[in-house]
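Student: here is my input; please provide its structure:
(one chain, ligands or ions: 2)
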Amino acid sequence: MFSLHSTLNKNLYFRALNIMYMKEISSEGIQKAVNILTKHTDSKLLTHLNACVHCGLCETSCLFFKTFEEPKYIPGKKVDMVSSIYRRYCTFLGRTAPKLTNAKELTEDYIAEMVDSLYGSCTMCGRCVKHCSIGVDIPFVVRTGRRMLAAMNCVPDTLQATVDAALNTKNNMAIPKEDFVDTIDWMQEELQDELETEETLIPMNKENAEILYTLNPREPKFFPLSIAAAAKIFHVAGADWTLSDEMYDVTNYGYFSGKDEHAKLIAQHMYDEMAKLKCKTLVLGECGHGTRALRWESPNYMGQHPDFKIISLVELIEEYIKSGKIKLDKSLNTKKYTIHDPCNITRNGGLFDSLRFVVKEAVPELIEMEPFGSDNFCCGGGGGMLAMSEYNERRLKIGKIKADQIKATGADVVITPCHNCADQLSQINHEYKLGVEIKSVAEVVADAIML
Ligand code: SF4
Ligand code: SF4
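Tutor: Ligands and ions are numbered 1, 2, ... in the order given. Below is the predicted model:
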């Protein structure tokens, strides 16, 4: 049991956060934040705001609490940060007897605690939901809190900069178009050499193609081999596909910032590109939150379902294998492999079976982590954590849980269908001296593909 009435320490850390984050909070901003709880309430929000019974059963499900063992990291506490505002502004008892009901006002100190808790202490991984005694949707409440903070312009600057880059340049790393095209040309030449052909292997801006393929900008920036791997799979499968040099970014950090208008604009970029190139299927590259934001959340932002099909690369590869369009020889992959399940692909994305099918077709030996699948631990880089450099130290500390899981498998290679996870895994690989390789699904499939 934990006491929701205990006072959080107003330590130096929060004071520093105050200086870093606090914009002038106007009464108009506060009203906008409260409106999120009142004007747009639905039964789901009200239920999950009021359902927590403070049992504390969720505490060890959370990688933050497991790492730091401080009450403020308990998932139920994060829910209470938001519901205490609801009580204060939206209930009679909270308005008249706030101390009695632990109702909280949106003061500068409290907002700073909210920023630290809802942006800096939750990757929105959803593992706690599985362990909650009554199924409170904790990340949904956390995201509601982030929407409130966004309404008060309190999104951490680092995360907002990532969103702004996507809004202004159509990719969250602001990669100049000429650099992107150079990288694609380089990958195409490598692949042409490997396949001994001069054919165009990475089509660009091709109208009426069946498939528009998307990437996480981390690929052209840091992991370009995964682009060549996907191109090899498309080539062998005889796919009619294209990339766009204008809009290829599968990510949507507006989902994490809590600014729904930004999430909508970023999703709109992709919908517009599909319309411009007249493609029929949007294939989502290997990115957990991008898959979630475009496939499951974008119809909510856009207020309409897209008039094209959306599918992840992992599912498409599964189709190619099952239909015989590609054949794999798993003996070509000679190491010991494990899978890191990205939260938004497996637990929150329903792609466990597709992912296991594809990987088991591609590698001879798969050693599962413990726990794995829908109970797997987040890598620590989700929820926008990788974009918020002020939490780097905390992010690497919580990553030790994943490092220990990887170490225990004895695997040489960690496969993960998410380039955000791959980035965090690369950093904990270095930090905890794991000595493993990190590979995308496309890479292990391309390594096993029979030409
Ligand atoms: S969503 Fe994940 S990080 Fe957030 S409180 Fe739950 S377990 Fe912890
Ligand atoms: S397990 Fe559920 S009900 Fe219990 S404290 Fe956690 S969020 Fe609240």
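Student: residues contacting residue 276?
Tutor: By C-beta atoms under 8 Å, 6 or more residues apart in numbering, the residues touching residue 276 are residue 246. Just so you know, the C-beta spots here come from the backbone N, C-alpha and C atoms, and that holds for glycine as well.
Student: helix or strand next in line after the helix or strand hosting it, which one?
Tutor: Using DSSP states H and E, residue 276 sits within helix 260-277. Moving toward the C-terminus from helix 260-277, the next helix or strand (DSSP H and E) is strand 281-284.
Student: now the spatially most central residue of the chain: closest residue in space that isn't a chain neighbour?
Tutor: For the chain, the residue nearest the mean C-alpha position is residue 289 (3.1 Å; C-alpha atoms, centre = their mean). Nearest in space to residue 289, with sequence neighbours left out and distances taken as C-beta to C-beta, 6 or more residues apart in numbering, is residue 344 at 5.1 Å.
Student: and the one you found, which of the three is it?
Tutor: Under the three-state scheme (DSSP: H, G, I helix; E, B strand; the rest coil), residue 344 adopts coil.
Student: that one touches residue 381, doesn't it?
Tutor: No: using C-beta atoms under 8 Å, residue 344 is not in contact with residue 381, being 11.7 Å away.
Student: now the helices: where do they sit in the stretch 351-451 of the chain?
Tutor: With DSSP state H, counting those that start in this stretch, the ranges of helices along the stretch 351-451 of the chain come out as 352-362, 392-409, 419-431, 441-448.
Student: what's the mean pLDDT across the last one?
Tutor: On average, the pLDDT along helix 441-448 is 98.
Student: hey, C-alpha coordinates of it in CSV?
Tutor: The C-alpha coordinates for helix 441-448 follow below in CSV (Å, rounded to 0.1, in the frame of the first residue of the first chain):
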residue,chain,number,x,y,z
VAL,A,441,14.0,-7.6,-38.6
ALA,A,442,14.6,-6.6,-42.2
GLU,A,443,18.3,-7.1,-41.7
VAL,A,444,18.1,-10.7,-40.4
VAL,A,445,15.5,-11.5,-43.1
ALA,A,446,17.7,-10.0,-45.8
ASP,A,447,20.7,-12.0,-44.5
ALA,A,448,18.7,-15.2,-44.8
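Student: so where's this protein shaky on pLDDT?
Tutor: Counting by pLDDT under 70, the ranges of the chain that qualify are 1-24, 40-41.
Student: within range of ligand 2, give me the residues from it.
Tutor: 52-58, 75-76, 79, 132-134, 136, 138 (C-beta under 6 Å from any ligand atom).
Student: how about a cut-off of 8 Å?
Tutor: Selection of the chain residues close to ligand 2 by C-beta under 8 Å from any ligand atom yields 2, 51-59, 74-76, 79, 128, 131-136, 138.
Student: pull out the buried residues from these.
Tutor: Among the residues of the chain next to ligand 2, those classed as buried by neighbour count (16 or more other C-beta atoms under 10 Å) are 52, 56-59, 74-76, 79, 128, 131-132, 136, 138.
Student: re the thing from before, output the contacting helices and strands for the host helix or strand of the residue nearest to the centre of the chain.
Tutor: Here residue 289 is covered by helix 288-291, with elements defined by DSSP H and E. Using 3 or more C-beta pairs under 8 Å, 6 or more residues apart in numbering; DSSP states H and E as the contact definition, the elements that helix 288-291 packs against are helix 419-431.
Student: quick one: buried residues of the helix it packs on?
Tutor: Using 16+ other C-beta under 10 Å as the burial criterion, the residues of helix 419-431 that qualify are 419-429.
Student: who touches that helix?
Tutor: The contact list for helix 419-431, computed with C-beta under 8 Å, 6+ apart, reads 216, 218-219, 222-223, 226, 251, 285-289, 340, 342, 379-382, 385-386, 395-396, 399-400, 402-403, 406, 414, 416, 434-436, 438, 440.
Student: what subset of those residues is also close to ligand 1?
Tutor: When contact is defined as C-beta under 8 Å from any ligand atom, these meet ligand 1 at residue 382.
Student: any of the contacts of helix 419-431 buried? List them.
Tutor: 216, 218-219, 223, 226, 251, 285-289, 340, 342, 379-382, 385-386, 395-396, 399-400, 402-403, 406, 414, 416, 434, 436, 438, 440.
Student: how about the residue in the stretch 251-400 of the chain that ligand 2 sits nearest to: what's its closest non-neighbour residue?
Tutor: Nearest residue of the stretch 251-400 of the chain to ligand 2: residue 375, at 15.1 Å (C-beta to the nearest ligand atom). With C-beta to C-beta, 6+ apart as the measure, residue 130 is the residue that lies nearest to residue 375, at 6.5 Å, once sequence neighbours are left out.
Student: make sure the one you found is indeed in a strand.
Tutor: No: counting by three-state DSSP, residue 130 is located in no strand; its state is helix.
Student: run a quick neighbour tally on it.
Tutor: Residues lying near residue 130 (other C-beta atoms under 10 Å) number 12.
Student: isn't it up against residue 346?
Tutor: No: the criterion here is C-beta under 8 Å, and residue 130 misses it with residue 346 at 11.7 Å.
Student: what do the two both touch?
Tutor: For the pair residue 130 and residue 346, residues contacting each of them under the criterion C-beta under 8 Å, 6+ apart are residue 374.
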